[in-house]
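**Student:** give the three-dimensional model of this entry:
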Amino acid sequence: MDSIKLNSKFEVPAETLAILAEISKEINASLNLDEVLPNAASLIKRLIDYEVFAVLLPEEGTEQMYFRFAIGHRQEVVDHWRIPIGEGIIGAAAATGQAIRVGDVRTDSRYLNALDGVRSELAVPLIVRGRVIGVMDIESSQLDYFTPDQQNILTLVASRIGTAIENAKLYEHERNQAETLLLLNEVSREANSTLSVEEVLRRAAELTKRLINYQIFSILLYDETENVFRHRVTVKFGQRVQEKHAVPAHEGVVGAAATTKRPVVVPDVALDPRYLMINPETRSELAVPMLNKDRVIGVMDLESPQLNYFTPDHVQVLSILAAHLAVSIENARLYEQVAKDEARMERDLSAARRIQGALLPRLPGPEYGLEIAARVVSSRELSGDLYDFLRYGPQELGVAVGDVSGKGSAAALYGAVAIGTLRSLGPQKHRPAEMLRAINGFLGERRIEGRFMTLCFATWHRGRHKLRVANAGQEEPFLYHAGRCEQIPLAGFPLGMFEDATYDQRSYILDAGDVVVFHSDGIADTQNATLEFFGHARLAQIIAATHQLTADGIADRILEEVDAFSGGQHPFDDRTLVVLKVK
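**Tutor:** Here you go, the predicted structure:
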């Protein structure tokens, strides 16, 4: 009967049968152990007036039993006592699968004294399909309190409660699995919601606590340069601590997990030679490698002051979490590296921009009989446009305006080379066409694939009021003269493309009030919201309308009109102007 041989002379009273039926109904009405066990305890008390009641279940992965439910025991006993199977009256009942009734516990050497006032005890195993799944234990302060009939009744109840507990445990396990999957999904979303390594690590500690009630938790990241694992986050008993100890890559439980690329569970660290004692209170440890594309980037390490604390469920959950966090941490590390590189580049570009600004030539004085204005509006940190002035003598001035192919630092560097070449040739006082041929020859000898520049070079002689101009693919300059504003028609190959290129030259005698405007293509090519170009015609109209202003006034008006045309948008290309007005 019910897997336990009951006394054949035992007759169950009708009232007892009614209560047994009620117990069966109550315990089968729920799959929640926190409801099943209190209800069963209450109904059993109607049959047996006990003082102390407990249900103990095996602790997974160990040979010990823990208190799943208790009435009358001290909280310290319920929370911390573990009863080895085979020890004590309860452990003996679990080991033998037989009920044990003791009339005077003081005379039984097996008794484990949890309460001083106890005198008699009845322990009945909970058996399901021939397997002991727990023990139900009742105790009394009276000697010989429990009778054989009560033992038989409790055995009957135990058979039914055992089945209910088994069903509830299965349900609880499935429910926990479902909750864990939902939580892991939430964990994955949260871990991927930041690109800060420190924030990911901080959240990892919080999220892991929601999955596993750890006591000591660490994330160690692999340092390739030193071949060690360094603590990046450590939580001990709820407090974040700064752990400076580094673990060699192939040592300890952490090193074993990293080497095998598999979780390592140590039920008792005292028996494992791999254990490196960092926390004296540790009794068991679980280390799970964090893999990204089969490469170990770190290890999650959990420690407990309890023996055999970590279960297969812990391993499974932590392995899934480690996989999510490995990707999040690697993404965050890559992002931070990119951010550092960008910050460094930004600092370098900012320094280069300051240097480029400092290297812009000072405007010549009034001795050349000209008002001169120069403006550069860069589209990036560094400008690919350039201008310069060469002082040929007390009355003659050279003016250069150019544009290097491409943008950014490469264009600026190429432009610096061109300016250096221009200045090195300055003492030879070349006429414009000769200057372009000389620079082209120099750049042709040092040709860089895909790099070239356009340049317009002119000379002005104050005494003769003579302007000479040559052009190497640069925007044709505007000349306001005799009431008309027109472009100076000059073409030519850009510099650095063909070594044997030649260039034409034009000469003009200018009058007081005449205006010459050198400009880059960033002005005429500016577009508005409808993708219409600013164009050369508008530029000519502005010059004609503002020719009576100073050179500075003309330059400022042109840039204001271009900016207004674009709707105030950041320039797509550099905008450069040099304005000469004859006095």
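**Student:** C-alpha from now on. contacts and neighbour counts both.
**Tutor:** Noted.
**Student:** ramachandran angles for Lys209?
**Tutor:** phi -60, psi -30 (degrees, to the nearest 10).
**Student:** who's Leu577 bridged to?
**Tutor:** As for beta bridges, Leu577 partners with Arg375, His519 under DSSP bridges.
**Student:** that one reaches Arg557, doesn't it?
**Tutor:** No - assessed by Cα atoms under 8 Å, Leu577 is found out of contact with Arg557, at 11.3 Å.
**Student:** those two: who's more crowded?
**Tutor:** Ranked by neighbour count (other Cα atoms under 10 Å), Leu577 and Arg557 place Leu577 first, with 25 against 16.
**Student:** for the more buried one, give me its contacts.
**Tutor:** Residues near Leu577 by Cα atoms under 8 Å, 6 or more residues apart in numbering: 373-376, 517-520, 555.
**Student:** got a ChimeraX select line for the buried ones in the residues you listed?
**Tutor:** In ChimeraX, this line selects whichever of the contacts of Leu577 come out buried by 16 or more other Cα atoms under 10 Å:
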select :373,374,375,376,517,518,519,520,555
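**Student:** need the max-distance pair from the contacts of Leu577.
**Tutor:** Spatially, the most separated pair among the contacts of Leu577 is Ala373 and Ser520, at 14.5 Å (Cα to Cα).
**Student:** go through stretch 440-458 and flag the buried ones.
**Tutor:** Using 16+ other Cα under 10 Å as the test for burial, stretch 440-458 gives 440-444, 447, 451-458.
**Student:** how much space between Ala95 and Arg362?
**Tutor:** If you measure Ala95 against Arg362 using Cα to Cα, to the nearest Å, the figure is 99 Å.
**Student:** again with Tyr392
**Tutor:** 15 Å.
**Student:** quick one: the strands in the stretch 451-583 of the chain?
**Tutor:** Taking DSSP state E, counting those that start in this stretch, the strands of the stretch 451-583 of the chain run over residues 453-461, 466-472, 478-481, 484-487, 505-509, 515-519, 575-582.
**Student:** include distance to Phe69 when you put those into a markdown table, please.
**Tutor:** Shown next, in a markdown table, are the strands of the stretch 451-583 of the chain (distance: least, Cα to Cα, whole Å):
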| stretch | distance to Phe69 |
| --- | --- |
| strand 453-461 | 87 |
| strand 466-472 | 94 |
| strand 478-481 | 97 |
| strand 484-487 | 98 |
| strand 505-509 | 104 |
| strand 515-519 | 89 |
| strand 575-582 | 82 |
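**Student:** select, out of those strands, the one closest to Leu201.
**Tutor:** Taking Cα to Cα, strand 575-582 is the member of these nearest to Leu201, at 47.2 Å.
**Student:** ok, back up a step: and Ala95 and Arg362? Which one has more around it.
**Tutor:** Ranked by neighbour count (other Cα under 10 Å), Ala95 and Arg362 place Ala95 first, with 15 against 10.
**Student:** regarding the residue nearest to Gln98 when sequence neighbours are not counted, what is its secondary structure?
**Tutor:** In this structure, Gln98 finds its nearest non-sequential neighbour in Pro125, 6.4 Å apart by Cα to Cα, 6 or more residues apart in numbering. Counting by DSSP: H, G, I helix; E, B strand; the rest coil, the backbone at Pro125 sits in strand.
**Student:** bridged to Pro125, which residues?
**Tutor:** Residues in beta-bridge contact with Pro125 (DSSP bridges): Val135.
**Student:** residue ranges with poor pLDDT in the stretch 351-500 of the chain?
**Tutor:** Applying pLDDT under 70 to the stretch 351-500 of the chain flags the ranges 351-359, 381-383, 406-412, 448-450.
**Student:** separation between Thr454 and Leu291?
**Tutor:** Counting by Cα to Cα - Thr454 and Leu291 are separated by 53 Å.
**Student:** what's the closest of the buried residues of stretch 440-458 to Asp79?
**Tutor:** For the buried residues of stretch 440-458, the closest approach to Asp79 (Cα to Cα) belongs to Arg451, at 77.9 Å.
**Student:** returning to that earlier point: what's the closest of the strands of the stretch 451-583 of the chain to Thr16?
**Tutor:** Taking those one by one with Cα to Cα, strand 575-582 is closest: 101.2 Å.
**Student:** now the closest one - C-alpha only, PDB.
**Tutor:** Provided in PDB are the C-alpha atoms of strand 575-582 (Å, rounded to 0.1, in the frame of the first residue of the first chain):
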ATOM      1  CA  ARG A 575      35.000  79.000 -50.000                       C
ATOM      2  CA  THR A 576      38.000  81.100 -50.600                       C
ATOM      3  CA  LEU A 577      38.300  84.700 -51.800                       C
ATOM      4  CA  VAL A 578      41.100  87.200 -52.500                       C
ATOM      5  CA  VAL A 579      39.900  90.700 -53.500                       C
ATOM      6  CA  LEU A 580      42.200  93.300 -55.000                       C
ATOM      7  CA  LYS A 581      41.000  96.900 -55.400                       C
ATOM      8  CA  VAL A 582      43.200  99.500 -57.100                       C
END
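**Student:** quick one: that strand to strand 515-519, angle?
**Tutor:** 160 degrees (axes from the mean of the first three to the mean of the last three Cα atoms, to 10 degrees).
**Student:** quick one: mean pLDDT over strand 575-582.
**Tutor:** Mean pLDDT, computed over strand 575-582, is 95.
**Student:** pull the distance from it to the chain's centre.
**Tutor:** 50 Å (Cα atoms, centre = their mean, to the nearest Å).
**Student:** run the chain-centre distance for stretch 86-101.
**Tutor:** Mean-position distance between stretch 86-101 and its chain equals 54 Å (Cα atoms, centre = their mean).
**Student:** show the subsequent helix or strand relative to the helix or strand of the chain with the lowest mean pLDDT.
**Tutor:** The helix or strand of the chain with the lowest confidence, counting by mean pLDDT, DSSP states H and E, is helix 14-27 at a mean of 71. Next helix or strand after helix 14-27 toward the C-terminus (DSSP states H and E): helix 33-47.
**Student:** which strands or helices does that following helix pack on?
**Tutor:** Using 3 or more Cα pairs under 8 Å, 6 or more residues apart in numbering; DSSP states H and E as the contact test, the elements touching helix 33-47 are helix 14-27, helix 148-191.
**Student:** find the nearest non-adjacent residue to Ala158, please.
**Tutor:** Counting by Cα to Cα, 6+ apart, the residue nearest Ala158 is Leu126, at 5.4 Å.
**Student:** burial measure for the one you found, as a count.
**Tutor:** Residue neighbour count, defined by other Cα under 10 Å, stands at 32 for Leu126.
**Student:** residues contacting it?
**Tutor:** Neighbour list for Leu126: 132-136, 158-159, 161-162 [criterion: Cα under 8 Å, 6+ apart].
**Student:** just the buried ones from those?
**Tutor:** Using 16+ other Cα under 10 Å, the buried ones in the contacts of Leu126 are 132-136, 158-159, 161-162.
**Student:** I am finished for the moment; much appreciated.
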